[in-house]
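Next come a sequence and a model predicted from it.
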Amino acid sequence: MKFTGERIIPKQNCGNIEEHASMYAESLKYVENKFVLDIACGVGWGTDALAKKAKYVIGVDIDPLAIQYARQEYIGNNFCFCQGSILKIPFPEIFDVVNSIETFEHVKRYEIESLISECHRVLKPKGLFVFSTPDCDQFFYQPKSELEFVGFHFWHYTKGELLSLLKPFSKVSVEKPFGSSFFVVCEK
């Protein structure tokens, strides 16, 4: 798997591994003995981490090369990987927890409501949507058009924007345990 500068590849010591590992460690608090979807799982290392406590985890990513790498590098009895998009999740309402670490910023702003709707749709009643995303106050980046887009991130959100977008959920908690990113827990 080639390192692009954005995707975390721990087995190659590529990317901001410590910060992302801390975010997955935070997610572990919510997955014990649960059926979990790790959406936008990348190369699968976080799915493998979640599987240490979860009943079963399905890791999904849009990149077929990332899924191929995940299937080769991470093998276990209580998790698997498949290709799919966070904007059209290939499952019905079956998950106790949907986990997504540092994904919101990779989705175009006009598609973010589709992301939220899909994560809400695949959760069982009282299920949790757990995710992290950079804080706009720490990383101000809000291109006004496709022409201004540079790099891998399309938009960074403020806490107020997140709370407004997450109205489909009955309960929402937005914290900043990592200093630069929000950690959000939403209940269906």
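Sure thing, it's come through.

now the helix or strand harbouring Val185, how far from the centre of its chain.
Secondary structure from DSSP states H and E places Val185 in strand 181-187. Centroid displacement of strand 181-187 relative to its chain, using Cα atoms, centre = their mean, to the nearest Å, is 11 Å.

Against which helices or strands is that strand packed?
Strand 181-187 makes packing contacts with helix 17-27, strand 123-134, helix 159-165, strand 171-175 when contacts are defined by 3 or more Cβ pairs under 8 Å, 6 or more residues apart in numbering; DSSP states H and E. No exception for glycine: its C-beta is placed from N, CA and C like everyone else's.

pLDDT averaged over it - what is it?
Average pLDDT, strand 181-187: 92.

quick one: contacts of it?
Defining contact as Cβ atoms under 8 Å, 6 or more residues apart in numbering, one finds that strand 181-187 is touched by 19, 23, 26, 30, 102, 126-135, 138, 157, 159, 162, 166, 169-177.

Pull out the buried residues from these.
Neighbour-count burial (16 or more other Cβ atoms under 10 Å) applied to the contacts of strand 181-187 gives 19, 23, 26, 30, 102, 127-135, 157, 162, 166, 169, 172, 174.

correct me, but Leu37 touches Ile86?
No. Look at Leu37 against Ile86 with Cβ atoms under 8 Å: they stay out of range, at 9.8 Å.

following whichever helix or strand Val60 is part of, which helix or strand comes up?
When elements are assigned from DSSP H and E, Val60 belongs to strand 56-61. Where DSSP H and E defines the elements, the next helix or strand beyond strand 56-61 is helix 64-73.
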